[in-house]
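Enquirer: Quick one, structure for this:
(chains A and B)
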Amino acid sequence: MARTRYATDRGLIARMGVTMFLLGIVFVAFVLALFFVLTYNRRAGSGSSTGLIVIAALIGVGTAFASYYWSDKIALRASGARLVSPGDSAAAARLHGTVDRLCALADMPKPRVAIAPTQMPNAFATGRSSKVAVLCATQGLMDRLDPDELEGVLAHEMSHVAHKDVAVMTVASFLGIVAALLVRFAFYSELFGGGGRGRNNNNNQGALPVILVVMVVGMVVYAISFLLIRLLSRYRELSADRSGALLTGKPSALASALQKVTGDMARIPTRDLRAAEPLNAFYFAPAFSKGRGQVTLSSLFSTHPSLERRLAELAKVSQQLSR
Amino acid sequence: MGFLDTILGRTKPVAPNLDALFALPSAAVTLQAAMDLQPTGSGSACFRAAEGRAFSDIEKDVKELLEMGSGTLPVEVSSDSYGFTWLVCHHTSDDVEGLVTDLHAVNSSLEQGGFGPQLLCTLVGFRSPAGGRLGLVYLYKRGTFYPFAPLAGERRDSALEMQVRGALGDDLKVEPDLGRWFPVWGAPGL
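Expert: Here you go, the predicted structure:
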């Protein structure tokens, strides 16, 4: 059997595993805490917060499922992208040709291909499975990048599809959605109704703290899971960079595309950028118009790793290939 | 891809399947008998050149190996507009076996160098009595073949392609998913 030079990045895999494990622990702790609060609550004789939690969980499941199931339609709608066929234009034919070759190299079913008519250079891929995936490049991306660089970006996006990142990130963010909903519900029920009714009731003195405890638990869980999800997202980006670079065999083309795209992004008018911000999680590079100052905090909160980090990782792949 | 691979976000590059290529000579005989398609004697192997010294060394070795073997006709190297490299071999039209052996040398050299995942496809050219061109394309990663018949102006002669699929029937494993019959416009060796 011939040797392979495609070693997996064990460090990255391990860090991703630990992040997922921590998310799992937070989830278990969350459920346990709620269970605890509820049994305490039942002893105190109120059912109002049980209903609250059940509703929050149901809406959370619904939201997560909807964003998972219709991720392709939502993203296409939000970006104003249009599905194209090879005959539509020279640019569409070129995009299809590149995707065709990448699919044959990676042995993947071909995703649908779309072009977004914006000048911001970017690309995204969504869809719950590789059969219904959509790969979208913006007009600006195709105008600015040369064929090798475009191929690198598309390979990165196809790696997201292959890694089923939409599904993984949906499951991961479910926890955050439920926690955020709980905080909000608890807050409102405290403001109107629930709390007031409780105070009039004689045998219900435990109700006010219970709602407060639920709120605090929700807040803590939301904060922790938010940081973990962002961390996970950054690891998924790095691993898509790596797989994409290995697929095309040209890490340096992807690196130069990254430099062009992030460099150009800063020069685009901010209105366009703000319009694109809700889509960030899908994008190839985040469209934030941030200053240079808040590096530490913004790097904790950002969905994508820093340019320096991504370039360094790609340089490692390049070394591996030329050994 | 397994569950764990999904969770950990890793993909293994797909190794090429090289053996099915040797079914080509008998398929060429079938095509000749059933549809009067003549092999042109030209064929090409297409791969994605990786960056770095390791790959360019292997590429050079392959070229030298092929040029020594075939003796008379030179091996051409060209790259298409998508950045893929094509090695084109020429043989006489009745020597499909020699052609396949040459193409296989490209594959096995790349695979032994650890660059098997860089292989895209191999193409063997045919010509119909009316002068139409047909390429039989082998997809390394799938281990399957499909016909590609280009017409002027980036159109495909789908009728001819379907006929070929019918004629090949049992001789070759034809790619069942038509979505993967991707066009290779202007492929060298066609």
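Enquirer: use CA for all of it now, contacts and neighbours both
Expert: Noted.
Enquirer: For residue A:201, give me the pLDDT.
Expert: We have a pLDDT of 46 for residue A:201.
Enquirer: so which strand or helix has the closest residue to residue B:41 other than its chain neighbours?
Expert: Excluding its sequence neighbours, the residue lying closest to residue B:41 (Cα to Cα, 6 or more residues apart in numbering or on different chains) is residue B:93, at 4.0 Å. Taking DSSP states H and E as the criterion, no element holds residue B:93; it sits outside all helices and strands.
Enquirer: any weak-confidence spans in chain A?
Expert: A:1-7, A:41-49, A:190-208, A:264-283, A:285-298 (pLDDT under 70).
Enquirer: Going along the chain, name the helices of it.
Expert: Taking DSSP state H as the criterion, chain A carries its helices at A:10-44, A:48-69, A:71-79, A:90-106, A:139-144, A:147-162, A:165-191, A:194-200, A:207-248, A:251-265, A:270-276, A:295-301, A:307-322.
Enquirer: pretty sure residue B:85 contacts residue B:77?
Expert: Yes. Using Cα atoms under 8 Å, residue B:85 is in contact with residue B:77, at 7.1 Å.
Enquirer: Between those two, point out the one with more neighbours.
Expert: Taking other Cα atoms under 10 Å in any protein chain shown, residue B:85 and residue B:77 do not tie; residue B:85 has more neighbours (21 against 15).
Enquirer: what is the more buried one paired to in the beta sheet?
Expert: On DSSP bridges, the residues paired with residue B:85 through beta bridges are residue B:47, residue B:79.
Enquirer: Tell me who's in contact with it.
Expert: Neighbouring residues of residue B:85 by Cα atoms under 8 Å, 6 or more residues apart in numbering or on different chains: B:46-49, B:77-79.
Enquirer: With residue A:168 instead?
Expert: Residue A:168 touches B:6-7, counting by Cα under 8 Å, 6+ apart.
Enquirer: ok, residue B:131 - contacts?
Expert: If you count contacts by Cα under 8 Å, 6+ apart, then residue B:131 has nothing around it.
Enquirer: Name the nearest residue to residue A:219, ignoring sequence neighbours.
Expert: residue A:183 (6.3 Å).
Enquirer: quick one: the one you found and residue A:214 touch, right?
Expert: Yes. Look at residue A:183 against residue A:214 with Cα under 8 Å: they come within range, at 7.3 Å.
Enquirer: Highest mean neighbour count out of the helices of chain A?
Expert: Most buried of the helices of chain A by mean neighbour count (mean count of other Cα atoms under 10 Å in any protein chain shown) is helix A:147-162; its value is a mean of 26.
Enquirer: And chain B, is that one touching that?
Expert: Yes. Judged by Cα under 8 Å from any Cα of the partner chain, helix A:147-162 comes into contact with chain B through A:147-148, A:159, A:162.
Enquirer: Tell me which other helices or strands that helix touches.
Expert: helix A:90-106, strand A:123-126, strand A:134-138, helix A:207-248, helix A:251-265 (3 or more Cα pairs under 8 Å, 6 or more residues apart in numbering or on different chains; DSSP states H and E).
Enquirer: got the contact list for the last one?
Expert: Meaning helix A:251-265. A:120-122, A:141, A:145, A:148-150, A:152-153, A:241-242, A:245, A:285, A:287, A:289, A:307, A:310-311, A:314-315, A:317-318, B:51.
Enquirer: what about dumping the CA coordinates of it to PDB?
Expert: The C-alpha trace of helix A:251-265 is given here as PDB (Å, rounded to 0.1, in the frame of the first residue of the first chain):
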ATOM      1  CA  PRO A 251      -2.200  25.800   0.500                       C
ATOM      2  CA  SER A 252      -0.500  28.900  -0.700                       C
ATOM      3  CA  ALA A 253      -3.300  29.700  -3.100                       C
ATOM      4  CA  LEU A 254      -5.800  29.500  -0.300                       C
ATOM      5  CA  ALA A 255      -3.500  31.700   1.900                       C
ATOM      6  CA  SER A 256      -3.200  34.300  -0.800                       C
ATOM      7  CA  ALA A 257      -7.000  34.300  -1.300                       C
ATOM      8  CA  LEU A 258      -7.400  34.800   2.400                       C
ATOM      9  CA  GLN A 259      -5.100  37.800   2.400                       C
ATOM     10  CA  LYS A 260      -6.900  39.300  -0.600                       C
ATOM     11  CA  VAL A 261     -10.300  38.700   0.800                       C
ATOM     12  CA  THR A 262      -9.700  40.000   4.300                       C
ATOM     13  CA  GLY A 263      -7.600  42.900   3.000                       C
ATOM     14  CA  ASP A 264     -10.200  43.900   0.600                       C
ATOM     15  CA  MET A 265     -13.000  43.600   3.100                       C
END
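Enquirer: Okay, residue A:228 and chain B: tell me how far apart.
Expert: 15 Å (Cα to the nearest Cα, to the nearest Å).
Enquirer: ok so, going back, list the residues that contact the residue nearest to residue A:219.
Expert: Residue A:183 neighbours (Cα under 8 Å, 6+ apart): A:214-216, A:218-219.
Enquirer: again with residue A:102
Expert: By Cα under 8 Å, 6+ apart, the neighbours of residue A:102 are A:155, A:247-248.
Enquirer: So which residues on chain B come close to chain A?
Expert: B:5-14, B:48-55, B:81-83, B:111-115, B:117-120, B:139, B:141-142, B:179-180, B:182-183.
Enquirer: Which of the residues you listed are buried, as a PyMOL select command?
Expert: Typed into PyMOL, the line below selects the buried ones among the residues of chain B next to chain A, using 16 or more other Cα atoms under 10 Å in any protein chain shown:
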select buried, chain B and resi 6+7+8+9+10+11+13+14+48+49+50+51+52+54+55+82+83+111+113+114+115+117+118+119+120+139+141+142+180+182+183
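Enquirer: Let's see which of the residues of chain B next to chain A end up in helices.
Expert: B:5-8, B:53-55, B:111-112.
Enquirer: Spell out which residues of the stretch 151-300 of chain A are next to chain B.
Expert: Checking the stretch 151-300 of chain A against chain B by Cα under 8 Å from any Cα, the hits are A:159, A:162-165, A:168, A:236, A:239-240, A:243, A:246-251.
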